[in-house]
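Novice: could you look at this predicted model? Sequence included:
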Amino acid sequence: MVAINATQVRNEWSAVVDSVIRERPQFIKRTRDYMFLADLGVLENILSVYKFHAEILGEDDGSITITLDEIDLVENGTNEREALLKLAHTILEYAEDYYNDFAFWSRGDRQGHIPYVFKVLILNDPQKIGDLIECRRGEI
């Protein structure tokens, strides 16, 4: 792996950051640990393949429930648009909670949520998050 030493990064911090922003991401090695330093645009590009999929269900009371496939989240609203926006807000809240306690949530069954969490945190906008949700019709 092409990696620069952490000591060099520490000694040349401004130059390293400038090169990451203007040229390319960097791999950094510290003893046995490896890190990746990149501009958020690079991370957003890497995560561009991650989208959300959900099922829209009609309820007996006329409301709409949307269930998210990738993360076990569900929201209900009086109409499809309201339910979708509520779900987008819930996804953002989940991502913030996950990140704030990353050491706990990134273990075990929820490890697969990591790319979705970072994608949502980069977007940081319920409207944009809602636009990522590809819905299919269930029992309406």
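Specialist: Received, thanks. Residues are numbered from 1 along each chain as shown.
Novice: state the number of residues packed around the nearest residue to Asn5 once chain neighbours are set aside.
Specialist: Counting by Cβ to Cβ, 6 or more residues apart in numbering, Lys29 is the residue found nearest to Asn5 once chain neighbours are left out, at 5.9 Å. Backbone N, C-alpha and C define where each C-beta goes, glycine included. A count of nearby residues for Lys29, using other Cβ atoms under 10 Å, gives 17.
Novice: pretty sure Lys29 is in contact with Thr7, am I right?
Specialist: No - using Cβ atoms under 8 Å, Lys29 is not in contact with Thr7, being 9.8 Å away.
Novice: ok, the helix or strand containing Tyr34: who's next to it in the sheet?
Specialist: For Tyr34, the element it lies in under DSSP states H and E is strand 33-37. Partners of strand 33-37 in the sheet, by DSSP bridges, are strand 26-30 (antiparallel).
Novice: fine, thanks again, bye for now.
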